[in-house]
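> need a structure here:
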Amino acid sequence: MPPNGFSQKAINGLLIFVQSCYEDLLKEIKEGKDKQGRKVTEGEAIQKEITQIKKYLEEFEI
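Numbering: from 1, shown residues only. As a prediction, this is how the structure comes out:
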């Protein structure tokens with residue numbers, strides 16, 4: 001186990017999660033709508049993604 005206590009597999013999984021969230025956010029901003037087709041502004045899309053990431057990370061266990 002590395003000195004920080006996290007395995008490389010856990011770190012890689014978290015990196016993939018963050019990358020996927022970022023890609024989703026960019027897509028929503030570019031299209032101006034969310035996955036359900038509702039219109040969103042850049043600020044709304046960012047806030048929604050941050051809220052979703054926060055909720056997921058609160059439940060995340062390594």
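> CA atoms for contacts and neighbours, from now on please.
Fine.
> residues touching the most centrally placed residue in the chain, list them.
Nearest to the mean C-alpha position of the chain, by Cα atoms, centre = their mean, lies Cys21 at 3.0 Å. Neighbouring residues of Cys21 by Cα atoms under 8 Å, 6 or more residues apart in numbering: 49, 53.
> cool, the one 3 residues further on as well?
In this structure, Asp24 makes contact with no residue, judged by Cα under 8 Å, 6+ apart.
> any idea which helix is longest in this structure?
In the chain, taking DSSP state H as the definition, the longest helix is helix 8-31.
> show me what counts as buried in the following helix or strand past that one.
Later in the chain than helix 8-31, the nearest helix or strand by DSSP states H and E is helix 42-59. By neighbour count on 16 or more other Cα atoms under 10 Å, the buried set for helix 42-59 is 42, 44-46, 49.
> what does helix 42-59 rub up against?
21, 25, 28-29, 32, 34.
> change it to 7 Å
25, 28-29 (Cα atoms under 7 Å, 6 or more residues apart in numbering).
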